[in-house]
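S.K.: Build me a model from this:
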Amino acid sequence: MRALGGDQVDEAVASCTATLRTVVDRDWEGVKAGRVEWSCLHTAEHIAGDLIAYAGQLAGRAQDAYVPFEITLDEGTDNAGALHVIETTGALLSAAVRTAPRDVRAFHPYPFRSADREGFAAMGIAEVLLHTHDIAEGLGIAYAPSEDLAEAVLACIFPHVQPGPAAWPTLLWATGRGNLPGRAPVTEWHWHNNLVIPAERLTLTGVRPGAAHDLRLGGDGGFEWIDGGPYPGTREAAGMTVKAYEAGVLRPEFGLFALVRREDGRAVGGIGFHGVPDDEGRVEIGYDLAEAARGQGYATEALRALSEWALARDDVSVLFAAIEPDNLASQAVVSRAGFVPASVAEERTAHEGHDAADGTLLLYVRRA
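M.R.: Coordinates of the predicted model:
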C-alpha cells in the first residue's frame, strides 16, 4: 500500500485523459455518464471542479468551511478542451500537495472536518478515477486504473471498507458503482479522512492502514522519527491496525495514533486503543515512547488528550490501561492522566473476557 502524493495525482489524471482522448470525437453532452445524473461533459467539468477545489482548500489552508469557488467551462468548450482543463486543474492539485508541509490540514467536512495533503491527494484521485469510470461507462468504453492506485485510495480514505480480492472492483463497489460477491450493494457511502487530536506540545495523528503496513514491516510510516523510534510497541500496534483493516472491522478513530511533536514535526511515540468499545463502553488504551522522548511528560500529555476525547463520546464509559507491576514509570503516567486502580469488580470483569488484564498485570481505569 503506497503513499499518495503529487505523483499519484498526476498518474490518475494521465490515466483519465489517455482513456477519454480516444473518444473526444463522440457526443459527450447528449450522453449520461454511467450511474450519475450528469452528462459526460458535465461530469468532466465536475472532475476539474473537484481538483481545483481541493487544491484551493489545501493551498489556502481553509479551516472552518470550504473556500467558496467553483469552475465552469466556457460556453463552447469542446471535449478536448475539457480534458485540457482537467490536466490543468490536476497540475494545480499536484503542486499544492507537493508543497504543503506534512502537518498542514485544511477543511473537509467528513468526518472530522479536516484533511492533510495525503487526504486531499486521495480524494482528488478518487474523483478522477471514479468519474472517468462514469464517463467511460456512458460512452461504452473500457476503463481501469492501476490496481496499486486503487488499493492506495482504499487504504487512505476507505479504511472502514474491507479489502476485496481486487482493489478496483472493491472501490467501485464501495462507491455504489458495482457489485461484489457476498456483499450487499452500497447505496450510501463516504470517505474517511484520518483523525488528529491536538495536545499542548503534541499532535495525535491517526495512522492510516497504508502507514501502519509500512510501520509493521519496519518502515517509518511516512513520519520523521526521533532517534530510536518507533519503539516496538508502536510497530505491534500498527500490525493490529492492519489486521483489523484486512478483516473489515477497523474503526480508524479507535486505532493507532502517532505522537508528533509540534516544535519540529518529529514523531516521538504511539498511542491508541486495543479495539473498539465493547457493549458496556469499555475499551483498553496503550502507549509507548521512544527512549529519547521519555521523562518529558509526553506520555502523560498524550494519554490525557486521548482519554478526554474518548470519554466525551457516547459509546465510551470506561478506559482500561494494563501495566506490568515493575513498570513504575508507566504507573505514574496513568495516575497523572486521571486513572485509578481498578476495583475488584472491574478486575473480575477484565479476567472474564476483556483484553485489559490477564492476572499478571495491574489494571487502571478512568471513568466518564
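
S.K.: For Val318, list the residues it contacts.
M.R.: 280-283, 346, 365-368 (C-beta atoms under 8 Å, 6 or more residues apart in numbering). No exception for glycine: its C-beta is placed from N, CA and C like everyone else's.

S.K.: what's the pLDDT at it?
M.R.: Val318 carries a pLDDT score of 96 in this model.

S.K.: For the lowest-mean-pLDDT helix or strand in the chain, C-alpha coordinates in CSV please.
M.R.: One helix or strand of the chain scores below all others by mean pLDDT, DSSP states H and E: helix 344-351, with a mean of 74. The C-alpha trace of helix 344-351 is given here as CSV (Å, rounded to 0.1, in the frame of the first residue of the first chain):
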residue,chain,number,x,y,z
VAL,A,344,-12.3,-5.8,42.4
ALA,A,345,-15.4,-6.0,40.2
GLU,A,346,-13.6,-4.3,37.3
GLU,A,347,-10.7,-6.7,37.8
ARG,A,348,-13.1,-9.6,37.7
THR,A,349,-14.8,-8.3,34.5
ALA,A,350,-11.4,-8.0,32.9
HIS,A,351,-10.4,-11.5,33.7
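
S.K.: and which of the contacts of Val318 is nearest Ser317?
M.R.: The closest of the contacts of Val318 to Ser317 turns out to be Gly281 (C-beta to C-beta; 3.3 Å).

S.K.: ok, then the element right after the least confident helix or strand of the chain?
M.R.: Following helix 344-351 in sequence order, the next helix or strand is strand 362-367 (DSSP states H and E).

S.K.: List the buried residues of that following strand.
M.R.: 362-366 (16 or more other C-beta atoms under 10 Å).

S.K.: Could you identify the most distant pair in those?
M.R.: Taking C-beta to C-beta, no two of the buried residues of strand 362-367 sit farther apart than Leu362 and Arg366, at 14.2 Å.

S.K.: For my notes, please list the buried residues of strand 362-367 in CSV and give pLDDT and distance to Gln296 for each entry.
M.R.: Formatted as CSV, the buried residues of strand 362-367 follow (pLDDT from 0 to 100; distance: C-beta to C-beta, whole Å):
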residue, pLDDT, distance to Gln296
Leu362, 92, 24
Leu363, 95, 26
Tyr364, 96, 21
Val365, 97, 26
Arg366, 97, 22
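
S.K.: Going by distance to Ala342, which of the residues you listed wins?
M.R.: Leu363 (4.0 Å).

S.K.: Tell me which stretches of the stretch 51-200 of the chain form strands.
M.R.: For the stretch 51-200 of the chain, the strands defined by DSSP state E, counting those that start in this stretch occupy 105-106, 115-116, 196-198.

S.K.: mind listing the helices for the stretch 51-200 of the chain?
M.R.: Using DSSP state H, counting those that start in this stretch, the helices of the stretch 51-200 of the chain run over 79-99, 117-139, 147-157, 167-174.

S.K.: list the helices and strands the least confident helix or strand of the chain packs on?
M.R.: Packed against helix 344-351 by the contact rule (3 or more C-beta pairs under 8 Å, 6 or more residues apart in numbering; DSSP states H and E) you find strand 318-323, strand 362-367.

S.K.: so which of the contacts of Val318 comes closest to Ala59?
M.R.: Val283 (37.9 Å).

S.K.: does the closest one really touch Gly272, like I thought?
M.R.: No - Val283 lies out of contact with Gly272 (C-beta atoms under 8 Å); the separation is 10.3 Å.

S.K.: Tell me how many other residues crowd Gly222.
M.R.: Each residue near Gly222 was counted by other C-beta atoms under 10 Å, and the total is 18.

S.K.: ok, now Leu361?
M.R.: Neighbour tally, Leu361, other C-beta under 10 Å: 15.

S.K.: For it, which non-adjacent residue is spatially closest?
M.R.: Ala322 (4.1 Å; C-beta to C-beta, 6 or more residues apart in numbering).

S.K.: part of a helix, is Gly269?
M.R.: No - counting by DSSP: H, G, I helix; E, B strand; the rest coil, Gly269 is not found in a helix; it is strand.

S.K.: Next up, the contacts around it.
M.R.: 229-231, 234, 258-259, 287-290, 293, 298-299, 302.

S.K.: how about a cut-off of 7 Å?
M.R.: 229, 231, 234, 259, 287-290, 293, 298 (C-beta atoms under 7 Å, 6 or more residues apart in numbering).

S.K.: and it, what are its bridge partners?
M.R.: Under DSSP bridges, the beta-bridge partners of Gly269 are Leu259, Leu289.

S.K.: And the pLDDT for it?
M.R.: pLDDT for Gly269: 98.
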